[in-house]
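In: sharing a model prediction with you, sequence too.
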Amino acid sequence: MTLDALPTHNELKGHAKAIKAKHMRQLFESDAARFNKYSIQGPQIFLDYSKNLITEESLSLLFHAAHDASLKQKTKALFSGELLQGEALNNTENRAALHTALRRPKDSTLPDIILDGVNISKNIRACQDKMAAFVAKIHAKQLLGFTGKPIQTLVSIGIGGSFLGPKMVTEALKPFAIDGFKCHYVANIDSTDLTQTLNNIDPETTLFLLQSKSFSTLETLENAYEVKRYLKLNGLPDEAIAKHFIAVTSNKTAAYKFGITDEHIFPMWDWVGGRYSLWSAIGLPIAFQLGMDNFEALLEGAFEMDQHFQHQDFEENMPVIMALLGIWYHSYFGADSHAILPYDQYLQFFPDHLQQLDMESNGKSVDRSGHALNYNSGPIIWGGIGCNGQHAYHQLLHQGTQLTPADFIVSLSSHNPIGTHHKHLFANCLSQSQALMKGKTYEEALQESLQSGMPEENAKKLAPHKVVKGNQPSNTLILDELNPKSLGTLIALYEHKVFVQSVIWDINPFDQWGVELGKTLSNSLFDQLESGKNDKNIDSSTAGLLAKYPQA
């Protein structure tokens, strides 16, 4: 059932019109208990969502919409692989979406998941055991390169989810990295990316990880074959290729052909989408950099959020609440974007990961049946380190014309405490959400200037420029500490938020056909560049741009 067919849809539209006339200042002034009413302690995370344009009526309508959209039933399918009305959850590719199975504890008493007659829980445990043995061998310096030196560096070659997720995690958890081991990432087909990486490694002590489910991803293979040439130039004989390459793929035949041995091939399953794959063997860079214990702690944190999401009532369910607030703004207030503002330097790549997670999942314009949507779906996700943004794009948040919901993320402690730095950081985080909510009226701006001694005529001219409308919604998420477990919980929170929104919007969040179109067109244009002959049916703009490329 699409959003506009839900029984509560028209009520939500009418309520949105009514609440637009309110200001959050009024909501806080009229309810002294607003913070307690609209905040929740979940696993590893505290969420304050009181600075939103909502009342009890707003939430009641939104929770009813979730029930009417069969969210409980579809959540069950997410964790079990069950069909919905005879369809797989990923209906356009006829696949289950079972990334949550990757996070189950090895000693879980939950029944194993059987998919198409295959015990995938057993396969996951076998893969994790293989990962643990492999990284333990590396950390014990027992895995040697072709000259007999131990492996100390990993270069992960992948793109999309194979790149963004692991890179974000290893950056976020730098304080937990194992000394003496370094991880690099290569994703871009721009040769500068690979060149800069190769200039900073020792080929004798480096292992290259190829991450491609199909083992046919153009960017990954182009970089992989260039690495082969690079190693040969550095004295690597053909028979030693296997000592310096490993792969995560479902296409073992192609990996064998490349020269990778079976013991260095880790599985990838079609029921795990790329943007949800960091929990699988795609997370090998995480285990390499942090150790398998910390990788398992990451899984444990995600599992805690999985349990919370499955079993908590909607009214106390963190992913459900955050998702419904997003529905509220993007489908009923016309908001086009959502800002992610971490106040933690280690989380600098978190917005990048969420861009793919959210926009590749819910950037859709048709429902699950292929009919055009009559409402806004997935928002544009953007953002960056909070304090830096205060001196840049926060200006638009405060005085621009758009409604832009935002998530503030901050920890109560720092891994690198210096003086009062962290207190200032925390104060800045809270002050920004407060300013977005409260704003500054014309009268307040005028009095501020008058009290500073400014002549009244000048103060009246300046006051409109200092007005901040406020009423900009935000959530504040607080971690006690950024560590493997809390990060796992945080990532899973956003995964489930995206899933809930897909259910309410009635779209498939697990395919990405728009991405596939770009790949197809790119291959065609490359062939034209190689041959020097343009397709006669090509548009004039693309033909003219192709002609600009220098011919050999």
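Out: Alright, I've got the coordinates. Numbers count the residues shown, from 1 in each chain.

In: what's near enough to touch the closest residue to residue 513 other than its chain neighbours?
Out: The shortest distance from residue 513 to any non-neighbouring residue, by CB to CB, 6 or more residues apart in numbering, is to residue 92 (7.3 Å). For glycine as for every other residue, the C-beta is placed from the backbone atoms N, C-alpha and C. Shown in contact with residue 92 (CB atoms under 8 Å, 6 or more residues apart in numbering): 508, 511, 513.

In: for the residue most central in space within the chain, give me its contacts.
Out: For the chain, residue 354 is the residue whose C-alpha lies nearest the centre (CA atoms, centre = their mean; 2.5 Å). By CB under 8 Å, 6+ apart, the contact list for residue 354 reads 340, 381, 494.

In: what do you get if the cut-off is 10 Å, keeping everything else the same?
Out: 164, 168, 275, 338, 340, 342, 381-383, 407, 491, 494-495, 497-498 (CB atoms under 10 Å, 6 or more residues apart in numbering).

In: so which elements touch the helix or strand containing residue 72?
Out: Using DSSP states H and E, residue 72 falls within helix 71-80. Packed against helix 71-80 by the contact rule (3 or more CB pairs under 10 Å, 6 or more residues apart in numbering; DSSP states H and E) you find helix 56-68, helix 292-311, helix 318-332, helix 484-505.

In: using CSV, please lay out these together with distance to residue 105.
Out: As requested, the helices and strands packed on helix 71-80 are exported to CSV (distance: least, CB to CB, whole Å):
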stretch, distance to residue 105
helix 56-68, 28
helix 292-311, 6
helix 318-332, 20
helix 484-505, 12
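
In: between those helices, which one is closest to residue 360.
Out: helix 484-505 (9.6 Å; CB to CB).

In: report the strands that pair with the one helix or strand residue 155 maps to, each with its relative direction.
Out: In the assignment (DSSP H and E), residue 155 maps to strand 153-157. Counting by DSSP bridges, the strands paired with strand 153-157 are strand 182-186 (parallel), strand 206-211 (parallel).

In: rebuild those strands as JSON lines, extending it with distance to residue 486 and mean neighbour count.
Out: As requested, the strands paired with strand 153-157 are exported to JSON lines (distance: least, CB to CB, whole Å; neighbours: other CB atoms under 10 Å):
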{"stretch": "strand 182-186", "distance to residue 486": "21", "mean neighbour count": "21"}
{"stretch": "strand 206-211", "distance to residue 486": "25", "mean neighbour count": "25"}
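
In: what about residue 518, neighbour count?
Out: 9 (other CB atoms under 10 Å).

In: phi and psi next, for it.
Out: Phi and psi for residue 518, reported as degrees, to the nearest 10, are phi -60, psi -40.

In: so how far is residue 437 from it?
Out: To residue 437, residue 518 is 40 Å away according to CB to CB, to the nearest Å.

In: equivalent analysis for residue 428, please.
Out: For residue 428 relative to residue 437 (CB to CB), the value is 15 Å.

In: same question, residue 68
Out: Taken as CB to CB, the span from residue 68 to residue 437 is 30 Å.

In: ends of stretch 388-403, how far apart?
Out: 21 Å (CA to CA, to the nearest Å).

In: what is the rounded mean pLDDT of it?
Out: The pLDDT scores in stretch 388-403 average 96.

In: can you pull the buried residues of the worst-scoring helix or strand of the chain on mean pLDDT?
Out: Ranking every helix and strand in the chain by mean pLDDT, DSSP states H and E puts helix 513-531 at the bottom, with a mean of 87. The neighbour-count check on helix 513-531 (16 or more other CB atoms under 10 Å) flags 525, 528 as buried.

In: what is it packed up against?
Out: Right, helix 513-531 is packed against helix 218-233, helix 540-547 by 3+ CB pairs under 10 Å, 6+ apart.

In: work out the gap between the shortest one and the centre of the chain.
Out: Taking CA atoms, centre = their mean, to the nearest Å, the mean C-alpha location of helix 540-547 is offset from the chain mean by 35 Å.

In: which residues sit against it?
Out: Under CB under 10 Å, 6+ apart, the answer for helix 540-547 is 521, 525, 528, 529, 532, 534, 535, 536, 537, 538, 539.

In: please enumerate the helices of the stretch 51-200 of the chain.
Out: With DSSP state H, counting those that start in this stretch, the ranges of helices along the stretch 51-200 of the chain come out as 56-68, 71-80, 120-139, 161-172, 191-198.

In: the stretch 301-450 of the chain now?
Out: 318-332, 350-354, 361-362, 386-390, 394-399, 421-438, 442-451.

In: nearest to residue 224, of these?
Out: Using CB to CB, the nearest of the helices of the stretch 301-450 of the chain to residue 224 is helix 350-354, at 22.9 Å.

In: buried ones from the contacts of residue 354, can you make that a ChimeraX selection?
Out: Per 16+ other CB under 10 Å, the buried members of the contacts of residue 354 correspond to this ChimeraX selection:
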select :164,168,275,338,340,342,381,382,383,407,491,494,495,497,498
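
In: which one among the contacts of residue 354 gets closest to residue 72?
Out: The closest of these to residue 72 turns out to be residue 497 (CB to CB; 16.2 Å).

In: distance check, the closest one against residue 385.
Out: Residue 497 is 21 Å from residue 385, by CB to CB.

In: residue 341 now?
Out: Residue 341 is 8 Å from residue 385, by CB to CB.

In: list residues touching both of the two?
Out: In contact with both residue 341 and residue 385: 347, 350, 351, using CB under 10 Å, 6+ apart.

In: OK, contacts around the closest residue to the first one other than its chain neighbours?
Out: With CB to CB, 6+ apart as the criterion, residue 347 has its nearest non-adjacent residue at 5.5 Å, and that residue is residue 172. With contacts defined as CB under 10 Å, 6+ apart, residue 172 is in contact with 298, 342, 344-350, 353, 482-484, 486-487, 490-491.

In: now residue 466
Out: For residue 466, counting by CB under 10 Å, 6+ apart, the contacting residues are 399, 440, 441, 442, 444, 445, 446, 448, 449, 459.

In: give me that answer again for 6 Å
Out: residue 445 (CB atoms under 6 Å, 6 or more residues apart in numbering).

In: and the residue nearest to residue 347, what pLDDT?
Out: 98.

In: roughly how far apart are the nearest residue to residue 224 once chain neighbours are set aside and residue 317?
Out: Residue nearest to residue 224 in three dimensions, not counting chain neighbours: residue 210, with 5.2 Å by CB to CB, 6+ apart. With distances taken as CB to CB, residue 210 is found 39 Å from residue 317.

In: and if you look at residue 97?
Out: The value you get for residue 97 to residue 317, if CB to CB is used, is 19 Å.

In: same question, residue 472
Out: For residue 472, the distance to residue 317 - CB to CB - is 24 Å.
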